[in-house]
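have a look at this prediction, sequence included:
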Amino acid sequence: MADLTDLEKKQLLVLARETIKKYLSAGKRENPPAAGPILMEKRGVFVTLHGNGELRGCIGYPLPLKPLWESVAEMAIAAAVEDPRFPAVTADELAELDIEISVLTVPQKVDGPDQVRVGRDGIIISKGFQRGLLLPQVPVEQGWDLEQYISYGCRKAGLAPDEWKRGVQIEVFQAMVFGEKNMGRGYEQLSDH
């Protein structure tokens, strides 16, 4: 996975915020022109919204289905209005939210939990039709060790927390994570200086 430049990261953050803003005010999404070949690459991506330090929405594509800029625009709207755990974001609330984007590598199967590294790997736990995903920053933010991380992955999949002891499929991925909290927001941030 090629690294994004700071300018490309800022462009994606501005795209996410402006897309949500337009959607909340007009009820539709415009497809802005993508800038640069890396933003045209198909990549898995998650958009996370935080309000007052708390999760406010998080939705994404774990697989590289669409160009990065398009996935960011779609998932920004989905995180704002489609995350079933939260009420839809309002236009008034948007100014108080911080946007974070996670650009994912393609998930790879591993043989067991001992091949998962907390702080580096995101996980996808699945068994039958049940599937749960946790981004790599989650266990670090929560202070989880490996067993807690795998157990929460099982719970996210709708399984018993210790189901991994009886056999589940585990996939890992890495993510390039960046957000307004660290990079700032707005068009004034789009210079390379």
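Received the coordinates, thanks.

CA atoms for contacts and neighbours, from now on please.
OK.

tell me how far the residue lying farthest from the centre of the chain lies from Ile150.
For the chain, the residue at maximal distance from the C-alpha centroid (Cα atoms, centre = their mean) is Arg166, at 28.7 Å. Distance of Arg166 to Ile150, given as Cα to Cα, to the nearest Å: 13 Å.

what does Trp164 give?
Per Cα to Cα, Trp164 is found 7 Å from Ile150.

repeat for Glu96
Distance, Glu96 to Ile150, using Cα to Cα: 32 Å.

just want to know which of these two has more residues nearby.
Taking other Cα atoms under 10 Å, Glu96 and Ile150 do not tie; Ile150 has more neighbours (26 against 11).

check that one and give its pLDDT.
Confidence at Ile150, expressed as pLDDT, is 95.

that one in helix, strand or coil?
The three-state label given to Ile150 by DSSP: H, G, I helix; E, B strand; the rest coil is helix.

go on, the one 3 residues further on?
At Gly153, secondary structure determined by three-state DSSP is helix.

dump the residue contacts of it.
By Cα atoms under 8 Å, 6 or more residues apart in numbering, the contact set of Gly153 is Ile123, Ile124, Ile125, Gly132, Leu133, Leu134, Pro161.

shaky segments in this protein?
Low-confidence segments of the chain, defined by pLDDT under 70, span residues 1-2, 30-35, 183-193.

ok, the residue nearest the centre of it - contacts?
Among the residues of the chain, the one closest to the centroid is Phe46, at 2.2 Å (Cα atoms, centre = their mean). Contacts for Phe46 (Cα under 8 Å, 6+ apart) come out as Cys58, Ile59, Gly60, Tyr61, Pro62, Val72, Met75, Ile101, Ser102, Val103, Leu104.

need the strands for the protein, in chain order.
Per DSSP state E, the chain carries strands over the ranges 44-51, 54-61, 97-104, 108-110, 122-127, 130-134, 169-173, 175-179.

reformat the ones you listed as JSON lines; add distance to Trp144.
Below are the strands of the chain laid out as JSON lines (distance: least, Cα to Cα, whole Å):
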{"stretch": "strand 44-51", "distance to Trp144": "20"}
{"stretch": "strand 54-61", "distance to Trp144": "17"}
{"stretch": "strand 97-104", "distance to Trp144": "20"}
{"stretch": "strand 108-110", "distance to Trp144": "20"}
{"stretch": "strand 122-127", "distance to Trp144": "13"}
{"stretch": "strand 130-134", "distance to Trp144": "12"}
{"stretch": "strand 169-173", "distance to Trp144": "17"}
{"stretch": "strand 175-179", "distance to Trp144": "18"}
